[in-house]
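Q: Attaching a predicted model along with its sequence, questions to come.
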Number of protein chains: 2
Amino acid sequence: MAPESDPIHEDELRDAWPVLAPRDRVEGFRLLPPSSADDFFLSLSSNDQAGLLQALTPSERRIWMRVLPPDDAADVIQSLPVEEHAACLALLDDTSRREVQVLLAYAEDAAGGLMNPRFVRVRPEMSIDEALGYLRRQAREQVETVYSAYVLDSEQHLLGVVSLRQLFQAAPGKTVRDVMRTEPVTVREDAHQEGVSRLFAEHGLSAIPVVDAQGRMRGIVTVDDIVSVVQEEATEDIQKVGGMEALDAPYFDVGFFAMVRKRAGWLLVLFVSEMLTATAMSRYQDEIARAVVLSLFVPLIISSGGNSGSQATTLIIRALALTDVRLRDWWRVLRRELLSGLVLGAVLGTVGLARILLWQHLFHSYGEHASRVALTVGLSVLGVVTWGTLSGAMLPFVLRRLGFDPASASAPFVATLVDVSGLVIYFTTAELLLRGTLL
Amino acid sequence: MAPESDPIHEDELRDAWPVLAPRDRVEGFRLLPPSSADDFFLSLSSNDQAGLLQALTPSERRIWMRVLPPDDAADVIQSLPVEEHAACLALLDDTSRREVQVLLAYAEDAAGGLMNPRFVRVRPEMSIDEALGYLRRQAREQVETVYSAYVLDSEQHLLGVVSLRQLFQAAPGKTVRDVMRTEPVTVREDAHQEGVSRLFAEHGLSAIPVVDAQGRMRGIVTVDDIVSVVQEEATEDIQKVGGMEALDAPYFDVGFFAMVRKRAGWLLVLFVSEMLTATAMSRYQDEIARAVVLSLFVPLIISSGGNSGSQATTLIIRALALTDVRLRDWWRVLRRELLSGLVLGAVLGTVGLARILLWQHLFHSYGEHASRVALTVGLSVLGVVTWGTLSGAMLPFVLRRLGFDPASASAPFVATLVDVSGLVIYFTTAELLLRGTLL
């Protein structure tokens, strides 16, 4: 490491950041040359900015809070404990404080919570040259972007958008109204961030204006804010698919007990529902006592149902999140997944049947009725995989219809659901096929 | 629906698009007013653009291929069957064709495959006013963005970046060299797209220059290209976590048999490995015959291991993908997950033990040795959950170390791994605790 008084490079600090203790982070940050400290601070996540601010001296804190644009300042305040919100707001100048207070009133994951209230406004009757001159002055202010200017009437209604590029291309004598694009893509202030990111992906835009219920413009969301939103939403979905509450923070930033609590919740729900398998099994206790060979295939049967179910549910959850599939498509998905389940079940069932016959031929593992056992297992796998695929695919639709997040139909949840029904399918098939021989 | 000759609105077509047959897509597209057809076409995915082009007449195809910037044209060609590549390239003008051919030489998921080779170059000795005038002329050309200009020397080495905003703010008498930002963030042409998206998220940039091994600038990647890359990478990870090969296309766009093939592969691997549970179970056949009650808890035991394992593995896969956790952190993760596993196992084990004692008290379900059975199950759950958590957390590190994608350590794969070892833990515990009583 460099001796304490040497300045360090931004990239060096960025690489070491995740493993540094809070005190070392502050020390490293103070060693940055002033020119790169700004960039470095602005590139941190809100959580890290908040952590750093808490460890700085009051006068440093004031400086750095004022570096933040209002949307980022609001995020930082939301990352702080509630009792520090007022003190932190007090560090801002009056204009910024009012702007941040407005932003804090929005839900963190709504378009209003993401937007920056500072954008370039122009009037429709301005000439191209007036607009360009105005933009040139605005470039010195703290607006988020000068590359899109928003054309508003006197009541702040959004009439159109004009890009700096369009102004550049236009003949100087024309007015803003002549070159602006009318009916721009907009987003309501209460829209969820997942929908906002979908708009960016669909239209390939670099900024989207945010309007209120009356069509008055309130701010803009820019695409660079959305990259982290997309990452965040994908992480939440992945964590829910993996069977836990979303963490909302990097792995090492979550305290040990907070982490265990988030994970224990789901595991307990699954464990308690999985106890139903013990109840189901006890209904078949006599059959197992008479034909122990049946118990050998219990793990194989239930896991095939679980695997096919979690595969189908993951596929549909993601397709719904990306709107590749919509709620009204449930019937097409049902038909397709029923057929997929039958084909997949037939393939696995045949392999299972062949495996038992082969082992019987080689090692005489399964007694005199081996071929009937093989048939029981093969048919059960067909049934369990079909059922697992179908219920795994339909559960996200049911959850979405009931107003829940389909990602909560996490793979392990489906697996548990399918385990119990898989046992019933298996032992019912066994009773039908083995009555009079093994049973 | 509107009668065939009425123009339709862009948004209408966009909403209906996913469910339209290829022929209806073409018809709808031809009904768009010319002003919005451009935007609509550019906002489609490369797959959809390619599908549409194939269905259009040769003269329409030429027009629409020429609307595409070189990076998008290269993507479309990559989406077409190989035998059509040459014919499609021939539709372009000479300059574009050469540019597209260069892009096609890059891997699709490398920075070079994402970049646009058309960007604004300025020389360091230009005055601010010269640079602005030059940018104003460039705004009429097909460059990807005029908002960042790249300062190159005569050998095309990248010296710095200057934003249109900085030029706007600067005093007119200065030169580009005075205001440019040196040492900009760059990316090598062969860098993987996942790394590129991480750079965007870390630095909050709107464009990143792509350079070759000699530091010569080849093109730029813009943040709007990256939003779809981030979505794509997350989808791949989610699908792998769910236990299938990545689909690389929307749900309904993948043919039935292609889809079944992608899903059957993993399910078969899992099914065949899960057959080891039958082998493991048969080693304990005598124990089960003597104490059928043991078989009742087999599904509960193995699913607790599977659920905790898939939870841990999902958590670590995502943390690795976001670089919240790095390869060298494996030891910290191991200690933390060992402790998590013990706590989670103790919680679940206690619940399991209590459930059996309660049922015994209420219904006398489990015979005279119920308390020993309860202890066996409780301790086994502790062991299985600890082992599941630990191996689930470590598997992604092992896979990454061996050069595989950690997302392949899909949750069901871990579950299968843990199932077999779970049975061994359960029956070994039973032998130790029940010898002389039940066994």
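A: Perfect, thanks for sending it. Numbering: from 1, shown residues only, chains lettered A, B, ... in the order given.

Q: Please point out which parts of the longest helix belonging to chain A sit buried.
A: Residue-count comparison of every helix in chain A, with assignments taken from DSSP state H, identifies helix A:330-363 as the longest. Buried residues in helix A:330-363, counted by 16 or more other C-beta atoms under 10 Å in any protein chain shown: A:330, A:333, A:336-337, A:340-345, A:347-349, A:351-353, A:355-357, A:359-360. Every C-beta, even on glycine, is put in place using the N, C-alpha and C of the backbone.

Q: do stretch A:143-156 as well
A: By neighbour count, and taking 16+ other C-beta under 10 Å as the criterion, the buried residues in stretch A:143-156 are A:143, A:144, A:145, A:146, A:147, A:148, A:149, A:150, A:151, A:152.

Q: follow-up on the earlier one: near chain B, from the buried residues of helix A:330-363?
A: The overlap between those and the neighbours of chain B (C-beta under 8 Å from any C-beta of the partner chain) comes to A:333, A:336, A:340, A:343, A:344, A:347, A:348, A:351, A:352, A:355.

Q: closest to residue B:14 among these?
A: Of all those, residue A:333 has the smallest distance to residue B:14: 21.3 Å, by C-beta to C-beta.

Q: gap between that closest one and residue A:326?
A: Spatial separation of residue A:333 from residue A:326 under the definition C-beta to C-beta, to the nearest Å is 10 Å.

Q: domain ranges for chain A?
A: Each domain of chain A is listed here as a residue range: A:10-113, A:120-225, A:251-434, per automatic domain parsing.

Q: Not counting residues beside it along the chain, what's closest to residue A:190?
A: Distances taken as C-beta to C-beta, 6 or more residues apart in numbering or on different chains place residue A:110 nearest to residue A:190, at 5.3 Å, with adjacent residues excluded.

Q: that older thread, nearest to residue B:305, of the domains of chain A?
A: Shortest distance between residue B:305 and these, using C-beta to C-beta, is found for domain A:251-434: 10.8 Å.

Q: Next one: residue A:353, what pLDDT does it get?
A: What the model reports as pLDDT for residue A:353 is 94.

Q: Let me see the contact set for it.
A: Counting by C-beta atoms under 8 Å, 6 or more residues apart in numbering or on different chains, residue A:353 makes contact with A:374, A:375, A:377, A:378.

Q: what do you get if the cut-off is 10 Å, keeping everything else the same?
A: Going by C-beta atoms under 10 Å, 6 or more residues apart in numbering or on different chains, residue A:353 touches A:371, A:373, A:374, A:375, A:376, A:377, A:378, A:379, A:381, A:382.

Q: residues of the helix or strand encompassing residue A:50 that come out buried?
A: Here residue A:50, judged by DSSP states H and E, is contained in helix A:46-55. When burial is assessed from 16+ other C-beta under 10 Å, helix A:46-55 yields the following buried residues: A:46, A:47, A:48, A:49, A:50, A:51, A:52, A:53.

Q: how much space between the fifth one and residue A:71?
A: Separation of residue A:50 from residue A:71 (C-beta to C-beta) stands at 15 Å.

Q: same check, this time on the fourth one
A: Distance check for residue A:49 against residue A:71: by C-beta to C-beta, it reads 12 Å.

Q: And the helix or strand in which residue A:399 is found, what's buried?
A: When elements are assigned from DSSP H and E, residue A:399 belongs to helix A:370-401. Judged by neighbour count using 16+ other C-beta under 10 Å, the buried positions of helix A:370-401 are A:370, A:372-397, A:399-400.

Q: now it and helix A:330-363, what's the angle there?
A: 160 degrees (axes from the mean of the first three to the mean of the last three C-alpha atoms, to 10 degrees).

Q: Now do the helix or strand following helix A:370-401: which elements does it pack against?
A: Stepping forward along the backbone from helix A:370-401, the first helix or strand reached (DSSP H and E) is helix A:411-434. The criterion is 3 or more C-beta pairs under 10 Å, 6 or more residues apart in numbering or on different chains; DSSP states H and E, and the helices and strands that helix A:411-434 contacts are helix A:223-241, helix A:256-283, helix A:285-290, helix A:293-296, helix A:298-321, helix A:370-401, helix B:298-321, helix B:411-434.

Q: can you put those in JSON lines and add distance to residue A:124?
A: Supplementary listing: these in JSON lines, determined by distance: least, C-beta to C-beta, whole Å:
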{"stretch": "helix A:223-241", "distance to residue A:124": "26"}
{"stretch": "helix A:256-283", "distance to residue A:124": "52"}
{"stretch": "helix A:285-290", "distance to residue A:124": "81"}
{"stretch": "helix A:293-296", "distance to residue A:124": "79"}
{"stretch": "helix A:298-321", "distance to residue A:124": "39"}
{"stretch": "helix A:370-401", "distance to residue A:124": "42"}
{"stretch": "helix B:298-321", "distance to residue A:124": "47"}
{"stretch": "helix B:411-434", "distance to residue A:124": "56"}
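
Q: will you turn these into CSV that also has distance to residue B:240 and mean pLDDT?
A: What follows is the helices and strands packed on helix A:411-434, written out as CSV (distance: least, C-beta to C-beta, whole Å; pLDDT from 0 to 100):
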stretch, distance to residue B:240, mean pLDDT
helix A:223-241, 10, 77
helix A:256-283, 21, 85
helix A:285-290, 37, 88
helix A:293-296, 31, 90
helix A:298-321, 9, 88
helix A:370-401, 16, 93
helix B:298-321, 8, 88
helix B:411-434, 9, 88
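
Q: Of all those helices, which one is nearest residue A:185?
A: Evaluated over these, closeness to residue A:185 peaks at helix A:223-241, with 12.4 Å, by C-beta to C-beta.

Q: what is the orientation angle of that closest one with helix B:223-241?
A: 10 degrees.

Q: For helix A:223-241, list every residue counted as buried.
A: Buried-residue list, helix A:223-241, by 16+ other C-beta under 10 Å: A:223-241.

Q: One more: stretch A:35-49?
A: Residues A:36, A:37, A:40, A:41, A:43, A:44, A:45, A:46, A:47, A:48, A:49 are the ones in stretch A:35-49 that count as buried (16+ other C-beta under 10 Å).

Q: before we move on, what about stretch A:416-428?
A: Of the residues in stretch A:416-428, those scored as buried under the neighbour-count criterion (16+ other C-beta under 10 Å) are A:416, A:417, A:418, A:419, A:420, A:421, A:422, A:423, A:425, A:426, A:427.

Q: wouldn't the fourth one be in contact with residue B:299 here?
A: Yes - contact status for residue A:419 versus residue B:299: in contact at 5.7 Å, counting by C-beta atoms under 10 Å.

Q: who touches the residue of the stretch 151-300 of chain A found nearest chain B in this structure?
A: Nearest residue of the stretch 151-300 of chain A to chain B, counting by C-beta to the nearest C-beta: residue A:242, 2.4 Å away. Listed by C-beta under 10 Å, 6+ apart, the contact partners of residue A:242 are A:263, A:266, A:314, A:410-412, B:238, B:241-242, B:307, B:310-318, B:392, B:410-411, B:414.
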